[in-house]
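>>> Any chance you can model this:
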Amino acid sequence: MKRYAFWLLFLASMLLSACSSDKEEVTAKTPAKEKEQQEEKQEKILTDSENISLEVTEEVLLNLPAGTLMDGLAYEKDIENVDFNTPETDSELKSKMTSKLEELTKETNDVEAIKKGLVSLLASPHYKEVLEKAKVYEPAFEEPYLPDPTKSEGGEEKEAAEKAIILLDASSSMLLQTGGQIKMDIAKDAVKSFAQTIGQSSDVSLVVYGHKGSEADAEKEISCSGVEEVYPMGQYSKKEFHEAVDSFESNGWTPLAGAIQKAAVMSSGYDGATTIYIVSDGAETCDGDPVQASKDLIQNNSSNTVNIIGFDVDGKTEDQLKAVAEAGNGEYFKADNPEELKNTIQYEWLPSALDLAWAFTMAPDGWEMMEEYDKGEVYPRQLFTIGRREAHRILDAVSIMSEQGWITEEQESELRDWGYERSEQMKDLYYDLHEKNREKANTKSAEIKQRVDEWVEKMKALKKERGDIW
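Residues are numbered from 1 along each chain as shown. Below you'll find the model as predicted:
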């Protein structure tokens, strides 16, 4: 029995010893495994940032990956201007970045590596979008309308009328496309340019028709009675005229006769001659008689004329429009595409000496230049704003690392200097992009001015040739 008890005790002690050894081995392996995983995690952060470039150039920023902590940063928030105030880093982001900054500083003591790590964590996700918008800016000056009588097929030179009424067709057919553009948009642009030209020597009015109701039969009466003077007869004002042109859209039927009748009523109250300019792509659809309406207008004042531009019309429509122009002692012009429309809306007379004296106003003035400068600055300034916000996120990160004792005072000073320098480099890039856009505006303005000057000289030569000093 004693021998048997001895062997039982011996086996029990061996088992306990084995269990203890296994436990000690597991305990010994666990920290090592955790350490290995931590090193792998840190190595991944280093890998993510090692290809980061710290240069501040268009090329670098266009290809800079968004910071891994910046997924939730909205574009609108990133470009929000804070004027001269210091951009504040979101408290939630500060909380998130703290653990990452600890990992970063445990991973490396090298300042350059820390800089790359900070950019890989905190870079704005919107550089590419803003830079691409900044680089595609083109100035949008209104093209001067420089009519050239030498391109006209007409015979004798004509005097400018004291009053001009533009009738613009806004029926539903103007919603169709020609040359890849909506006809209404093309016509509006052409009318804006035309009004600027005739407005130099005549009071001008804009009457629109076909813009009320819709093309549905149920709304025919509303549409056919919807003839409206949207720019009242008076001196041309670019801002107000453009607003009038942009105040309506194409919708309904074509009350061409009603529009001419409206012009007849208007012109009956004016002294002197009134010239009617009609821009239309369709024939009468409201059961009126536009030919008779044109005759009536002339009967009231034989000095009046009705000129029509048929824009992308078929043969039957063209026949009616020609008849309307003939009845109105005017001319019919055909325009099958946007370029022809621009070329046919032109004077049939030489501009007066006064017109030429004021022709310089057709080139961009100081206010228009300032407006274009402002447009060209929008996206470069947004770039500066998001760069400034990023720089302050970096400076906040440096403060956190310093407060936690993860970097030395020398490292803190170097990182802070770099953060401020990066912000200044963003400002320099903003100035460079803005200056490029200003130069685009200056170049375009100079080109327009040159064309206006050349047109003035040509018109002066023609007037001299014909003995017209006025």
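>>> okay, now the domains of this protein?
30-156+353-376+392-470, 161-346 (automatic domain parsing).
>>> Show the backbone phi and psi for Tyr209.
phi -140, psi 150 (degrees, to the nearest 10).
>>> er, Val204 actually
phi -130, psi 150.
>>> Grab the nearest non-local neighbour of Glu129.
Spatial nearest neighbour of Glu129, excluding adjacent residues (CB to CB, 6 or more residues apart in numbering): Tyr75 at 6.9 Å. Any C-beta I mention is one placed from the backbone N, CA and C, and that applies to glycine too.
>>> and the one you found, how many neighbours?
The local packing of Tyr75 (other CB atoms under 10 Å) involves 14 other residues.
>>> any idea how far Ala264 is from it?
55 Å (CB to CB, to the nearest Å).
>>> Quickly find the element holding Ile165.
strand 163-169 (DSSP states H and E).
>>> looking at this, Val313 is in a strand?
No: according to DSSP: H, G, I helix; E, B strand; the rest coil, Val313 belongs to no strand; its state is coil.
>>> Does the residue nearest to Glu129 touch His126 like I think?
Yes: contact criterion CB atoms under 8 Å: Tyr75 and His126 qualify, at 5.3 Å.
>>> Could I get the contacting residues of the residue nearest the centre of the chain?
Centroid-nearest residue in the chain: Tyr137, 8.1 Å away (criterion: CA atoms, centre = their mean). By CB atoms under 8 Å, 6 or more residues apart in numbering, Tyr137 lies in contact with 375-376, 379, 437, 440.
>>> in what helix or strand does it lie?
Going by DSSP H and E, Tyr137 is not in any helix or strand.
>>> and it, how far is that from Lys427?
19 Å.
>>> got it, and Asn51?
26 Å.
>>> higher neighbour count, those two?
Lys427 (15 against 9).
>>> need the strands for this structure, in chain order.
Applying DSSP state E to the chain gives strands spanning 163-169, 177-178, 181-182, 203-209, 227-234, 274-280, 305-311, 332-335.
>>> Just checking: what are the partner strands of the fourth one?
Spelled out, it's strand 203-209. strand 163-169 (parallel), strand 227-234 (antiparallel) (DSSP bridges).
>>> what do you get for the third one?
Using DSSP bridges, the neighbouring strands of strand 181-182 in the sheet come out as strand 177-178 (antiparallel).
>>> What of the last one?
Looking at strand 332-335 with DSSP bridges, its paired strands and their directions are strand 305-311 (parallel).
>>> neighbours around the closest residue to Gly210 other than its chain neighbours, how many?
Spatially, and ignoring its direct neighbours in sequence, Gly210 is nearest to Ser171 (3.2 Å; CB to CB, 6+ apart). Ser171: 24 surrounding residues under other CB under 10 Å.
>>> so Ser171 touches Leu256, yeah?
No: at 9.1 Å, Ser171 does not count as touching Leu256 under the criterion of CB under 8 Å.
>>> Quick check: neighbours shared by the two?
With CB under 8 Å, 6+ apart, Ser171 and Leu256 have common neighbours 209, 282.
>>> Correct me if wrong: Tyr71 contacts Pro125.
One thing to correct before we go on: residue 71 is Asp, not Tyr. Yes: shown here, Asp71 and Pro125 form a contact pair, counting by CB under 8 Å, at 7.3 Å.
>>> the more surrounded of these two?
Remark: of Asp71 and Pro125, Pro125 carries more neighbours, 18 against 8, as counted by other CB under 10 Å.
>>> what residues are up against that one?
66-67, 70-71, 73, 78.
>>> Which of the residues you listed sits closest to Glu112?
Gly67 (17.7 Å; CB to CB).
>>> can you count the residues close to the closest one?
20.
>>> State the distance from it to Asp428.
22 Å.
>>> Can you show me the helices along the stretch 201-350 of the chain?
220-224, 238-245, 256-267, 290-300, 315-327, 338-344 (DSSP state H, counting those that start in this stretch).
>>> What count of nearby residues applies to Glu219?
Neighbours of Glu219 (other CB under 10 Å): 16.
>>> Quick check: closest non-adjacent residue to it.
Closest residue to Glu219 apart from its sequence neighbours, by CB to CB, 6+ apart: Gly213 at 3.6 Å.
>>> related to what we said a few turns ago, give me the pLDDT value at the residue nearest to Glu129.
You'll see Tyr75 listed with a pLDDT of 91.
>>> could you dump the strands of the chain to JSON lines with distance to Ser294 and mean pLDDT?
Shown next, in JSON lines, are these (distance: least, CB to CB, whole Å; pLDDT from 0 to 100):
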{"stretch": "strand 163-169", "distance to Ser294": "11", "mean pLDDT": "92"}
{"stretch": "strand 177-178", "distance to Ser294": "26", "mean pLDDT": "82"}
{"stretch": "strand 181-182", "distance to Ser294": "28", "mean pLDDT": "86"}
{"stretch": "strand 203-209", "distance to Ser294": "15", "mean pLDDT": "94"}
{"stretch": "strand 227-234", "distance to Ser294": "15", "mean pLDDT": "94"}
{"stretch": "strand 274-280", "distance to Ser294": "8", "mean pLDDT": "90"}
{"stretch": "strand 305-311", "distance to Ser294": "5", "mean pLDDT": "88"}
{"stretch": "strand 332-335", "distance to Ser294": "11", "mean pLDDT": "83"}
